[in-house]
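> give me coordinates for this.
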Amino acid sequence: MQSNRSYRGGALMALLVLLAILAGCSGTATQGGTPEAAPAEKITIKLAENAWTGARVNVAVAKTLLEEQLGYQVEVVTIDENAQWPALARGDIHASLEVWPSGHAENVTQYITEQSVVERGGLLGPVGKIGWYIPTYMVNQHPELATWEGFKEPELAALFSTAETGDKGQFLAGDPSWVQYDEQIIENLGLNLQVVHAGSEEALVAALDAATSREEPILFYFYTPHSIFNRYELTEVELPPYSEECYAKESDGGVDCAYPPDELFKILWPGLKESAPDAYHLLNEMTYSTDDQIQMIAAVEVEEQSPEEAAAAWLEANKSTWESWLP
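As a prediction, the model looks like this:
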């Protein structure tokens, strides 16, 4: 009987040892010997890239830091600035880094304020301003064109006419998907102008290049910050001053004033805070100056660098800035 009890005791001891070994294999041991759960696999961060150079360099900066400093894989999704809102709400995209608030009041109200399915991610830093521009040589020839009232004169507006616009002056806009109120402004101010869409930022700049090389008239939509203001002498056409009351008429087609200054901000998928808290922290903290962004934009558009090259140069020269964004 004693030998049978000894056998059972030995078998029990062997079973306990085996269970202890298996428990040790189920986690990662810390230095003190206590098992830890294996780290969760990182998600792929999806960044929205909109159709202008500033948006591209923002994405290049964020992508580099997410990959090299935090170890994420990053997918860049080229998407229209309006289509990105429902995509963020669904979690198909995780962040967009440059929203111009003057064009997205309804999206902010719907997706952020009312539904809480998109999260405001803090200011990017640069302050933008959309406006109407003409080459300064046109103002030197016709000082009346410095304000919108000059374009009420048919003979002055006709200086900007093309085969497409007939006796009306051409107002050259950009990508049709951009938020623009120029048709409303022209109609409500009674200007002898017709909006024609160039199709993209690149096409706008190409048209400006062509016109200025021959000192021809051109009236066009553009915005700061941008490198063209370092390359050309341009005058912003003075429109009636911006007011909240003016833009309250937007849904009824009643805008008849200048665009407001825009404090550019970021928007995030709310689930990012739980799914990737360190990435969420970095994207929230990411901020730099208007001059910083212009420097990168100019590197792309003037020096013909890629957005990735421009971002890399900025990151190398501004380590103390971006290190403060890290968790």
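
> strands along the stretch 201-327 of the chain, start to end?
Ranges of strands in the stretch 201-327 of the chain, per DSSP state E, counting those that start in this stretch, are 220-224, 234-236, 261-268.

> let me see the mean pLDDT of the first one.
What it means is strand 220-224. On average, the pLDDT along strand 220-224 is 93.

> now swap in the shortest one and tell me
Looking at strand 234-236 alone, the average pLDDT works out to 96.

> strand partners (parallel or antiparallel) of that strand?
Looking at strand 234-236 with DSSP bridges, its partner strands are strand 119-135 (antiparallel).

> for the helix or strand following the strand it pairs with, buried residues please.
Later in the chain than strand 119-135, the nearest helix or strand by DSSP states H and E is helix 136-141. Neighbour-count burial for helix 136-141, counted by 16 or more other CB atoms under 10 Å, picks out 138-139. Heads up, the C-betas are built off the backbone N, CA and C, glycines and all.

> helix 136-141 - what's its average pLDDT?
Here the average pLDDT along helix 136-141 is 97.

> which residues touch the helix or strand following that helix?
The first helix or strand that comes after helix 136-141 along the chain, using DSSP H and E, is helix 154-157. By CB atoms under 8 Å, 6 or more residues apart in numbering, the residues outside helix 154-157 that reach it are 142, 144-145, 150-151, 167-169, 191-193.

> same thing but 10 Å
Residues outside helix 154-157 that contact it (CB atoms under 10 Å, 6 or more residues apart in numbering) are 138, 142, 144-145, 149-151, 165, 167-171, 186, 191-194, 217, 219.

> list buried members of the residues you listed by neighbour count.
138, 142, 145, 149-151, 165, 168-171, 186, 191-194, 217, 219.

> spit out the contact partners of A173.
So A173 contacts 180, 182-183, 195-199, 204, 220-222 (CB under 10 Å, 6+ apart).

> swap the cut-off to 8 Å and go again
180, 182, 195-198, 220-221.

> which of those scores worst on pLDDT?
Lowest in pLDDT among these is Q180, which has 90.

> that one: neighbour count?
Neighbour count for Q180, taken as other CB atoms under 10 Å: 18.

> quick check: beta-bridge partners of the residue lying closest to it once chain neighbours are set aside?
Using CB to CB, 6 or more residues apart in numbering and skipping residues adjacent in sequence, the residue nearest Q180 is A173, 5.6 Å away. Under DSSP bridges, the beta-bridge partners of A173 are H197.

> on that earlier part again, can you redo the contacts of A173 as CSV with distance to G71?
Below are those laid out as CSV (distance: CB to CB, whole Å):
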residue, distance to G71
Q180, 40
D182, 45
V195, 47
V196, 47
H197, 42
A198, 41
F220, 44
Y221, 41
